[in-house]
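Colleague: Provided below are the primary sequence and the corresponding predicted coordinates.
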Protein chains: 4
Amino acid sequence: MTIEHVQQELRAFVAERDWAQFHSPENLAKSISIEAAELLEEFQWGEPGDPQNVRDELADVLTYCLLLAERIGADPIEIVRSKLAKTRAKYPADTARGRSAKYDQL
Amino acid sequence: MTIEHVQQELRAFVAERDWAQFHSPENLAKSISIEAAELLEEFQWGEPGDPQNVRDELADVLTYCLLLAERIGADPIEIVRSKLAKTRAKYPADTARGRSAKYDQL
Amino acid sequence: MTIEHVQQELRAFVAERDWAQFHSPENLAKSISIEAAELLEEFQWGEPGDPQNVRDELADVLTYCLLLAERIGADPIEIVRSKLAKTRAKYPADTARGRSAKYDQL
Amino acid sequence: MTIEHVQQELRAFVAERDWAQFHSPENLAKSISIEAAELLEEFQWGEPGDPQNVRDELADVLTYCLLLAERIGADPIEIVRSKLAKTRAKYPADTARGRSAKYDQL
């Protein structure tokens, strides 16, 4: 099962429900934030969240990310790799090793 | 290029910087919310965001999602499909068609 | 200095810049999420954030909350007290004492 | 009713439930993000949210903001005014009038 298969399933899911009309980039961006906060809620008081809930909430974030990628015509794998190349340049291994500081404070 | 390849690249990127120590599930969940808000910021005042910025910010959310999936031993594609099956049951095509209401208000 | 004075200052600040046109309830709700994530970023990797940054980011969240309250005609103090009354009923002191569980899991 | 009165009520509410143990600055920062997203959810699909729900969710964000202010020893009104002074300097009325651009793009 590849990411293209999942995207195809999501497309069919959305089409069957006629939901594309709600999926403006802005609405999808809001939805990603909303689902990200539901994932965070599993960790609200610091204790480990329920493993299945964490998976389900993470899946919701990923789903909306895939829908937004589709909507703006971006290949999810390609944009992650392209951003990773930029991050590599901002955080060279030698200076960033073992540090969580922001690149402008390294 | 498959999602497994990207995950392998991310693993190497993190290992070279010795950053796994910062990547507790909770810290990654926070990071997903933080990056989701940076994506949302592109749409803060309603106008269309810069297309390249939107891609980069979406890539950041996806990256942390992949890191969290890795950290909790979840297959990102599998959890999206598994959650989609649950959502299909909660939102049957016939009752949900063309409506953005929550499942308990359909 | 009361909260009404601050609201008056915020009103003047917005009016001088002709920014009310951007302050739809939806845009303000997005802004609150965006600023909340900037506050969260101070705690991203678990270490204590810079105290002054925490104050400034908390102030940003509060500012947009006051602007939204103003925009929807809500008294910030009144709505906090009104919600507190509901929360008291959902979380009776006896059953909720010392527990962080959600009300439906107490 | 002043903001100090509400803060006193919140203190009593927390003390009766012995909840201060959960209210680390980090947990409160997470809670603010979580509640901010619940507020945003009222606007997820663009349509106007239910007015009472919007008030209740805004109240939740404000409540956690007041708890965090208390926890870090900050006066909510003072920090809003202090931040407003900084924002005034970053966004002079003349250059910022009628524009939603960030200060570094004005």
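Modeller: Alright, I've got the coordinates.

Colleague: hey, let's count contacts and neighbours off CA atoms from now on
Modeller: Noted.

Colleague: How far does stretch A:42-51 stretch from one end to the other?
Modeller: 9 Å (Cα to Cα, to the nearest Å).

Colleague: Can you point out the buried residues in it?
Modeller: Across stretch A:42-51, burial judged by 16 or more other Cα atoms under 10 Å in any protein chain shown covers A:42, A:43, A:44, A:45, A:49.

Colleague: What part of chain A, helix or strand, is modelled with the least confidence?
Modeller: helix A:93-96 (a mean of 94; mean pLDDT, DSSP states H and E).

Colleague: ok, and for that one, which residues are buried?
Modeller: In helix A:93-96, counting by 16+ other Cα under 10 Å, buried: A:93, A:96.

Colleague: where does chain A dip in pLDDT?
Modeller: Low-confidence segments of chain A (pLDDT under 70): none present.

Colleague: Helices of that one, start to end?
Modeller: A:3-17, A:25-41, A:51-72, A:76-90, A:93-96 (DSSP state H).

Colleague: quick revisit: packing partners of the least confident helix or strand of chain A?
Modeller: Secondary-structure packing of helix A:93-96 (3 or more Cα pairs under 8 Å, 6 or more residues apart in numbering or on different chains; DSSP states H and E): helix B:3-17.

Colleague: Is the helix it packs on positioned near chain C?
Modeller: No. Helix B:3-17 lies out of reach of chain C by Cα under 8 Å from any Cα of the partner chain, never closer than 14.8 Å.

Colleague: Please save the CA atoms from that helix in CSV.
Modeller: Extracted C-alpha coordinates of helix B:3-17, given in CSV (Å, rounded to 0.1, in the frame of the first residue of the first chain):
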residue,chain,number,x,y,z
ILE,B,3,7.1,7.1,2.2
GLU,B,4,9.5,4.5,3.6
HIS,B,5,12.4,6.2,1.8
VAL,B,6,11.4,9.6,3.3
GLN,B,7,11.2,8.0,6.8
GLN,B,8,14.7,6.6,6.3
GLU,B,9,16.0,10.0,5.3
LEU,B,10,14.3,11.6,8.4
ARG,B,11,15.8,8.9,10.6
ALA,B,12,19.3,9.7,9.3
PHE,B,13,18.7,13.4,9.6
VAL,B,14,17.7,13.1,13.2
ALA,B,15,20.6,10.6,14.0
GLU,B,16,23.2,12.9,12.5
ARG,B,17,22.1,15.6,14.9
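
Colleague: Give me the contact list for that helix.
Modeller: By Cα atoms under 8 Å, 6 or more residues apart in numbering or on different chains, the surrounding residues in contact with helix B:3-17 are A:2-3, A:77, A:80-81, A:84, A:88, A:93-94, A:96-98, B:20, B:63, B:66-67, B:70.

Colleague: Kindly report the same for stretch A:98-106.
Modeller: A:90, A:91, A:95, A:96, B:17, B:18, B:19, B:21, B:22, C:45.

Colleague: Tell me the one of those nearest residue B:31?
Modeller: residue C:45 (8.6 Å; Cα to Cα).

Colleague: Chain neighbours aside, what residue packs nearest to that closest one?
Modeller: Leaving aside its sequence neighbours, residue C:45 sits nearest to residue B:27 (Cα to Cα, 6 or more residues apart in numbering or on different chains; 5.9 Å).

Colleague: Roughly how far does the one you found sit from residue A:39?
Modeller: For residue B:27, the distance to residue A:39 - Cα to Cα - is 12 Å.
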